[in-house]
Structure formats: C-alpha cells, structure tokens
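S.K.: when you get a sec, could you give me coordinates for this:
(chains A, B, C and D)
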Number of protein chains: 2
Amino acid sequence: MSAQAGQKQGADELAASAGHETAGRLLLAAVEAFAERGFHATTTRDIAQRAGMSPAALYIHYRTKEELLYQISVFGHQRAIRVLGDAARHGITAADRLAAAISAFARWHAEHHTRARVVQYELSALGEEHYAEILTLRRRAGDIIRDILEQGTAAGEFRVTDVRGTARAMMSLCIDVARWFDPSGSDSPEQLGRLYAGLALRMAGAAEPGPGPGA
Amino acid sequence: MSAQAGQKQGADELAASAGHETAGRLLLAAVEAFAERGFHATTTRDIAQRAGMSPAALYIHYRTKEELLYQISVFGHQRAIRVLGDAARHGITAADRLAAAISAFARWHAEHHTRARVVQYELSALGEEHYAEILTLRRRAGDIIRDILEQGTAAGEFRVTDVRGTARAMMSLCIDVARWFDPSGSDSPEQLGRLYAGLALRMAGAAEPGPGPGA
DNA sequence: GTCTATATGTTGATAGAC
DNA sequence: GTCTATCAACATATAGAC
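M.R.: The predicted structure follows:
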C-alpha cells in the first residue's frame, strides 16, 4: 500500500468511526481546520463550511467544538499506538523489533502528518477529563519502546545507560515529524522510516551489520 | 550558572530588549500567556492583567497582539541560534563541536522551555511578512549542524550517509524538548544536554571513547 | 436532520478624560 | 502613559421553521 493510499484509507477510517456519514464529514473537516489554524483559531463556521453545511448542523452530531477534538484525539492515539505496538512484535531480536517499531511510528506521523499535528499539538485544548483520558493512552506508547530497550540491553544487543531518557528521545524524534513533515518535500514517509530506524539502532548502541542510516 | 539563574537572566534580557520597562513587563506576560494557552486563546486582557495594567495600555507599546508575538519570536530565535553557534565553535574535532552544539541547543530549549514553546509552536500565528523573516533565521540553525556533520564525515570522524536527514533529526530532537520538558521532572537541563550530546554522537556514527550517553 | 435567524457573550482595538 | 468606557466584529451555541 502506497503512502497516498495509506492516507486515504486512514481518513476513511476516521470518518467511518463517527458512525454517521455527515458526522464523519464534519470530523474530517475539523481535522483539516485544526491542523491548519489550530483549535482556538478555528471557528465552527469554518468547520461546517468545509463540510458543506450550516454552522448549526454541527451541533446535531457533536455537543461542542471540543468534542470534535476529543473524537479526533482518541481515534488518532488509538491508531498510532496500534501501529507502534503491532510493529514492535515483528522480529526476533530486540534490534529487529526496535527498527520495526520506530520505522512504523515515524512513518505514521509522516503519512498522517495532518491528523498527527492535531493529535500531538492541540491536546491542551481538551477539557480536563478528556485530557486525562488521553494521557493514559499516551503512556502506553512510551512503555513499548522502553520495554524493547530494556530487553535488548539485558540480552547484550544494546548498550543503553539511560533507558528512560533514550526511549523518550526516540518517541520525541518520531512525534516531532508531525511538526515539520512536508509531503511535497524530497523524503517519502518510507524513506524517513528507514532513516529513523537506523538512527534509533545507533542511539541504542546496537552493533552495525549493514550500511549506516540513510543508505 | 544554575538553570534557575539562567532562566531569570534570559527573562531579564527579553524584558530589557523592549527598551521600556512597561513594554518589557508586557513582553514577559505575553510569553507566559502564549505558552500556557496558545496565541489565539490568549486575550489582550489576559496579557494586560498579568502585567498589572489595563487592556488599553498594551496598545501604547505594541500596535497589535501579533506584534508582541513577533518581538518574542525574533528575540528567541536570535538567542537560540547564538547559543548554538557559539557552542559549535568550541572544540577542535567535529565530535567535540557536535557534542557542544547539541548539548547547548537542547539545554536552551529545556531551560527556556516556556519561551521556546512560543518560539517553536506559535509561528503560524505570525503575519506573512513576519513569518518569512523568522524562517530566514531558522535556516541558519540547521546549517550549523549540517556543516559539522559534513566536516566530520570528510575527516573520517563520522559515518553519516544522509547528512541532511541526520542533521534535521538532531535539530528536531532538540526542538521537541520544548514540548515535553517539565522543570519539576527528574532531569535537569544539564543532564539532558549531556544525554543528547551522547545520542547525537552515536547518530553520527562517531567512535565511542568513554561510556555511552546518560552515564 | 438541516436550514435561517438570532441570543448571548467575548474579542481586538480605539476614544477621550486625566 | 495610563486609565475608564466603549465600539464593531465575531465567537459559540440555541430556537424554531421546514
């Protein structure tokens, strides 16, 4: 599946998650608007207009503007964590699993950079309860990388002194992709995933079999 | 100089850059407000109140709310780039310079995480001309790291295949510190700088003399 | 379920007294 | 230079017709 198809597919799934066709269109419109202008600068008029509806129609499907953000955040986090977790199970050695996990997580943030931007940078606009709920989801992602680093270090594959800090740095590297990634740039999400997998292996102090990252 | 003193010192300099005592207080109040709630969610009333003034007083010193953001952005970028550039000149080998540059850049984003958050994440709220001006400043920072990687690779100190991508990843790692850094957390800005310098050396494929990152 | 029309509050920015 | 008072525009959200 190409990056283009991946994005379309993902977008459809987000829309489908709303359960209702119109609600799904509003969700996609909100993602676009929030990513472009930020949650607070986005008006309900803007969202409704992008979905081809009147401002009032929004409130039939969602109680508030914040609920739109909440739905986007929950779905986005669930997706990203599933992608990360699934990849982390592919491979026998810790090095294989780390490379697969980082590659997939970075690639997701590149392919879905619009949604990822909302998911990663508009969290503070959530209500208090919704925010707490999302934080619980986020912790799982960090644990996945940390577990791989611990297993690899124990097995002698990696040389990592600060597991917590190194795992956090790897997550940070992937998340920040959403901020700067430009689909019209020279790197494809797949290339970026390969580069970042190689960089992560080096950060973990893994022995290098092939050529270095980016080859 | 401790991290605390460093932050205070920096804040004073930002305030002093305004030229006028009241204008400086407004600048500091705006940084706090923008960092906490974002540019668009911050009201001019909030900024004025934090500075202990009426909403109207703001417009004596700044034409618009956007001009406050612009002043903060310019000063912040100039500072961060100077810190990075100064550090990049300390050391004879490319490895020394890379470690010094990454350490200083990451540390700046941790120490000044409040200001850095505004500088790095509220850019899109700038007017078109101001935005273009800031982008010019930003390009310089990337060039500094890229030059070190190129020199180190040519000298045989580093093994980097994708210089552009690796330099971008290192910048990304440091910038994202502003998003997650918590001064009440367990890591000090100095510790973080040391960890990240070690990780950067590994990412560059430098030979490892001492213990790994985080030791 | 979707529309038009609007209630109700808040915003960025200004006018004019001191 | 700072204040109080205020404007005009715009925000989110709702009411009621269809």
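S.K.: hey, let's count contacts and neighbours off CA atoms from now on
M.R.: Noted.
S.K.: briefly note if stretch A:85-97 comes near chain B.
M.R.: No - using CA under 8 Å from any CA of the partner chain, stretch A:85-97 never reaches chain B; the gap is at least 15.4 Å.
S.K.: show me the helices in chain A, by range?
M.R.: Assigned by DSSP state H, the helices in chain A fall at A:3-17, A:21-37, A:44-50, A:58-61, A:65-88, A:94-111, A:113-121, A:128-154, A:163-175, A:177-180, A:189-203.
S.K.: does the second one reach DNA strand D?
M.R.: Pointing back at helix A:21-37 there. No - against DNA strand D, helix A:21-37 shows no contacts by CA under 7 Å from any atom of the strand, the least distance being 10.6 Å.
S.K.: how about that helix: buried residues?
M.R.: A:22-35 (16 or more other CA atoms under 10 Å in any protein chain shown).
S.K.: that helix to helix A:65-88, inter-axis angle?
M.R.: 90 degrees (axes from the mean of the first three to the mean of the last three CA atoms, to 10 degrees).
S.K.: roughly how far out does helix A:21-37 sit from the chain middle?
M.R.: Between the centre of helix A:21-37 and the centre of its chain there are 17 Å (CA atoms, centre = their mean, to the nearest Å).
S.K.: how about the longest one?
M.R.: Put simply, helix A:128-154 sits 13 Å off its chain's centre (CA atoms, centre = their mean).
S.K.: that helix - what's its average pLDDT?
M.R.: For helix A:128-154, the mean pLDDT works out to 96.
S.K.: kindly report the same for the last one.
M.R.: The pLDDT scores in helix A:189-203 average 98.
S.K.: next: the first one.
M.R.: In this model, helix A:3-17 carries a mean pLDDT of 63.
S.K.: before we move on, what about the second one?
M.R.: When the per-residue pLDDT values of helix A:21-37 are averaged, the result is 94.
S.K.: A:Arg63 versus A:Gly91, what's the distance?
M.R.: 44 Å (CA to CA, to the nearest Å).
S.K.: any idea how far the nearest residue to A:Ala110 once chain neighbours are set aside is from B:His130?
M.R.: Spatial nearest neighbour of A:Ala110, chain neighbours left out: A:Pro189 (5.4 Å); criterion: CA to CA, 6 or more residues apart in numbering or on different chains. Distance, A:Pro189 to B:His130, using CA to CA: 30 Å.
S.K.: now A:Thr42
M.R.: Distance from A:Thr42 to B:His130, by CA to CA: 21 Å.
S.K.: one more: A:Thr64?
M.R.: 34 Å.
S.K.: which one's more surrounded, those two?
M.R.: Per other CA atoms under 10 Å in any protein chain shown, whichever of A:Thr64 and B:His130 has more neighbours is B:His130, with 18 against 13.
S.K.: didn't the more buried one look like it was pressed against B:Gln71?
M.R.: No - at 9.7 Å, B:His130 does not count as touching B:Gln71 under the criterion of CA atoms under 8 Å.
S.K.: got the residues of chain A near chain B?
M.R.: A:37, A:40-41, A:124, A:159-162, A:165, A:169, A:172-173, A:176-177, A:195, A:199-200, A:202-203, A:205, A:212-215.
S.K.: now that we have those, which of them are buried?
M.R.: Using 16+ other CA under 10 Å as the threshold, A:40-41, A:159-162, A:165, A:169, A:172-173, A:176-177, A:195, A:199-200, A:202-203, A:205, A:212-214 are the buried ones among the residues of chain A next to chain B.
S.K.: what number of residues lie near A:Pro209?
M.R.: 6.
S.K.: what sits against A:Pro213?
M.R.: Applying CA atoms under 8 Å, 6 or more residues apart in numbering or on different chains, we find A:Pro213 in contact with A:194-199, B:160-162.
S.K.: tell me the one among those nearest to DNA strand C.
M.R.: A:Tyr196 (39.6 Å; CA to the nearest atom of the strand).
S.K.: for A:Pro211, see how far away the residue lying closest to that closest one once chain neighbours are set aside is.
M.R.: Leaving aside its chain neighbours, A:Tyr196 sits nearest to A:Ser103 (6.2 Å; criterion: CA to CA, 6+ apart). Separation of A:Ser103 from A:Pro211 (CA to CA): 17 Å.
S.K.: who has more neighbours, the two?
M.R.: A:Ser103 (26 against 11).
S.K.: could you measure from the more buried one over to DNA strand C?
M.R.: As judged by CA to the nearest atom of the strand, to the nearest Å, A:Ser103 and DNA strand C stand 40 Å apart.
S.K.: need the pLDDT of that residue.
M.R.: For A:Ser103, pLDDT reads 98.
S.K.: tell me the residues on chain A that lie near DNA strand D, please.
M.R.: So chain A meets DNA strand D at A:40, A:42-45, A:55-56, A:59, A:63-66 (CA under 7 Å from any atom of the strand).
S.K.: how about these in TSV, adding pLDDT?
M.R.: Below are the residues of chain A next to DNA strand D laid out as TSV (pLDDT from 0 to 100):
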residue	pLDDT
A:His40	96
A:Thr42	96
A:Thr43	96
A:Thr44	96
A:Arg45	96
A:Pro55	94
A:Ala56	95
A:Tyr59	96
A:Arg63	96
A:Thr64	96
A:Lys65	96
A:Glu66	95
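S.K.: can you select the buried ones from those residues in ChimeraX?
M.R.: The following ChimeraX line selects those of the residues of chain A next to DNA strand D that are buried, judged by 16+ other CA under 10 Å:
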select /A:40,42,43,44,65,66
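S.K.: out of the residues of chain A next to DNA strand D, who's near DNA strand C?
M.R.: A:55-56.
S.K.: now, among the residues of chain A next to DNA strand D, which is nearest to DNA strand C?
M.R.: Of the residues of chain A next to DNA strand D, the one sitting nearest to DNA strand C (CA to the nearest atom of the strand) turns out to be A:Ala56, at 4.6 Å.
S.K.: the closest one and A:Arg63, how far apart?
M.R.: A:Ala56 is 11 Å from A:Arg63, by CA to CA.
S.K.: same check on A:Ala215?
M.R.: Applying CA to CA to A:Ala215 and A:Arg63 gives a distance of 50 Å.
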